[in-house]
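[1] Below: sequence and its predicted model.
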Amino acid sequence: MNETAKSYDRMVKKASPGTKSGKTIPSAFCIGGLICLLGQALINIYEHYGAASEQAHIYTLLTLIFISSLLTGFGVYNNIAKYAGAGTLVPITGFANAIAAPAIEFKTEGFIIGIGTKMFAVAGPVIVYGISASILYGIVIYVFGLH
Amino acid sequence: MEYLKAFIIGGLICAIGQILIDYTKLTAARILVMFVITGLILGGLGWYKPFIDWAGAGAVVPITGFGSALAKGVKQAIEQKGPLGILTGGITGTAAGISAAMFFGMIAAVLSKPGEK
Amino acid sequence: MPQKIGKTTIKTTQMPSICAYAAVAGKKEGEGPLGKHFDILYKDPNIGQKSFEQAESVMQKDAVNTALKKAGLTLADIDVILAGDLINQCTSSAYAARGSDTGFLGLYGACSTMAQSIALAALLVDSGALTKAMAVTSSHFCAAERQFRYPLEYGGNITPTSQWTVTGSGAALVGISGEPPFIKAVTIGKVQDLGVKDVNNMGAAMAPAAYDTIKTYLRDTGSEPRDYDLILTGDLGKVGSLLLIELLSKDNIDISGNHKDCGMMIFDIENQDVHSGGSGCGCSAVVLCSLILSNIRQSVWKNVLFAATGALMSPMSVQQGETIPAISHLIHFTN
């Protein structure tokens, strides 16, 4: 064959259709925006019933996580995600979906090995690197007395 | 007005995620890690709190809010417990979210079965 | 005895043929353009089983039994089953063959396995080593998805070059019956790797393998593309097919007039949301064991080259940053 990996790579790039960003970016914006809009409504409801601002934020996140887990269980979330792209990935609902989805999927392998160990198969890195980075941050502000 | 702000700011953060998906080879997991770390840095610099005050749910709901909660948790824990807070702060600050996602995810798994797309 | 006519091209001498064949498939495949050609369609992705992997075994059993029924035979009349699938260690095939009093050879050639199993069956029968051999392969969308990609319920993103794993199984009974479709010759493929790393662009990874095998066969037999009514590839999809035609055209081999791809035939690509097309062991198997073999039997086509293609990576090799090696085996069917 005359092709090298390099020349073939050029051919592949030419033959492969790109993502239709004209469609994906607006839909990510709209659906992501709508989820945040729902979040704002929840914050207002919780504040209306007397929760302090910070408490209202946490209750809102919990509610969204609950809704997302529920929709994932009904097999609806991934169907919205097909159109939403990052719009359902970036909000906290995407995090809940990333935890519920493998749990449901690997239920076939049992409660311990299946659900228990596979639950963080997708979202694990977010927690591992999030917490690790927070520890590094803690060391920095402690050592330099910035707290 | 606050609804409009939540919609536009939240939507814009998601649109940035979509741009990363479309124009880079980054996987979803990498993008999420980047967003969390970004939130943590902004939170650490003290910039995320005013952002939340201004954009409301538009700043709270995206996963960057999770990152800022990590930073806030560490800071508070160090103030209360000293050096031990370096280790406990991150999880404490995000405990509600992580526990809820785990518990609801588990319940969802118990109650439903995997299905076709 | 089979006769070697090139380094990896072998001609048969006893005219082995496909005595009977059957294809079974899932709901989405049934809604596709070839839906009416399949023998059994399943509505439920679980097919009444506890797991998708078990469901895949049921499909293989059903495909084999349907083919046997058409031939008026039972499993006891078969010497050896040559079977393959995509699931870890070829388990769907092994569990499907469990309990049968028949020889079993588990094969792995990823999505090229149908060509691999028919080629081996034909050579074994042609040499007189076996009288009747069953070639069968399967794939299951849900089972493949959870092994190779993300959990089904996860809202991860799929790029437009990715392909949709076919839920289905095809079985072909190889023997000497004097009836077409005959297996005239086979070319065993070589592993090709042009450095494609993107698992969501398998067609691009596999096109060089199909290119090499088709070119090898044409050279070894001194034939040209126009000598064939159809040059059928396994599951290159839209992207891979474009690349194959381009690679061959650079060597002045023009197949654009008579090339078709199983991955593009099985689904309505525009309306069934399958991105670049179908894929999986079951893809080329169900297309071959329905429309294609029927048309050869009825003399619609007299000479067909069937080059199934397979990507030979694993989730582990991809995570370790390896490129994707690919293979393509070719079978020349005649009427």
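    Cool, got the structure. Numbering: from 1, shown residues only, chains lettered A, B, ... in the order given.
[2] how about the nearest residue to the residue nearest the centre of chain A, chain neighbours excluded?
    In chain A, the C-alpha nearest the mean C-alpha coordinate belongs to A:Gly94, at 2.8 Å (CA atoms, centre = their mean). Nearest residue to A:Gly94 in three dimensions, chain neighbours excluded: A:Thr88, at 5.5 Å (CB to CB, 6 or more residues apart in numbering or on different chains). Placement of C-beta: from N, CA and C, glycine included.
[3] what's near enough to touch A:Ala121?
    For A:Ala121, the contact set (CB atoms under 8 Å, 6 or more residues apart in numbering or on different chains) comprises A:Pro102, A:Phe106, C:Pro151.
[4] Likewise for C:Met264?
    For C:Met264, the contacting residues are C:Gly237, C:Lys238, C:Ser241, C:Gly277, C:Gly278, by CB under 8 Å, 6+ apart.
[5] so the residue nearest to the centre of chain A sits in a helix?
    Yes. With DSSP: H, G, I helix; E, B strand; the rest coil as the criterion, A:Gly94 is located in a helix.
[6] quick one, what contacts it?
    Residues near A:Gly94 by CB under 8 Å, 6+ apart: A:Ser68, A:Ala81, A:Thr88, B:Leu32, B:Ile63, C:Gly155.
[7] Throw these into TSV and include distance to C:Val64, thanks.
    Shown next, in TSV, are those (distance: CB to CB, whole Å):
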residue	distance to C:Val64
A:Ser68	43
A:Ala81	38
A:Thr88	42
B:Leu32	45
B:Ile63	49
C:Gly155	37
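[8] and the stretch 151-300 of chain C, which residues reach chain A?
    Within reach of chain A by CB under 8 Å from any CB of the partner chain, the stretch 151-300 of chain C has these residues: C:151-161, C:192, C:194-196, C:201, C:204, C:208, C:211-212, C:238-239, C:242-243, C:246-247, C:250-251, C:273.
[9] Would you mind writing the ChimeraX command to select the buried ones in these?
    To isolate the buried subset of these in ChimeraX, counting by 16 or more other CB atoms under 10 Å in any protein chain shown, use the following:
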select /C:151,152,153,154,155,156,157,158,159,161,192,194,196,201,204,208,211,212,238,239,242,243,246,247
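[10] Can you narrow the residues of the stretch 151-300 of chain C next to chain A down to the ones near chain B?
    Contacts with chain B within these, as defined by CB under 8 Å from any CB: C:Pro151, C:Leu152, C:Glu153, C:Gly156, C:Asn157.
[11] Leaving out chain neighbours, which residue sits closest to B:Ala29?
    Beyond its immediate neighbours in the sequence, the residue positioned closest to B:Ala29 (CB to CB, 6+ apart) is A:Pro125, lying 5.0 Å away.
[12] now do B:Gly10
    A:Cys36 (2.5 Å).
[13] Regarding B:Phe66, what is its secondary structure?
    helix.
[14] Could you double-check that it sits in contact with A:Thr93?
    No. Proximity of B:Phe66 to A:Thr93 does not meet the contact threshold set by CB atoms under 8 Å, at 11.8 Å.
[15] residues in contact with the closest residue to B:Ala57 other than its chain neighbours?
    Distances taken as CB to CB, 6+ apart place A:Gly39 nearest to B:Ala57, at 3.3 Å, with adjacent residues excluded. By CB under 8 Å, 6+ apart, the residues touching A:Gly39 are A:Thr60, A:Leu61, A:Leu64, A:Pro91, B:Ala6, B:Gly10, B:Gly56, B:Ala57, B:Val60, B:Val61.
[16] Thank you, goodbye.
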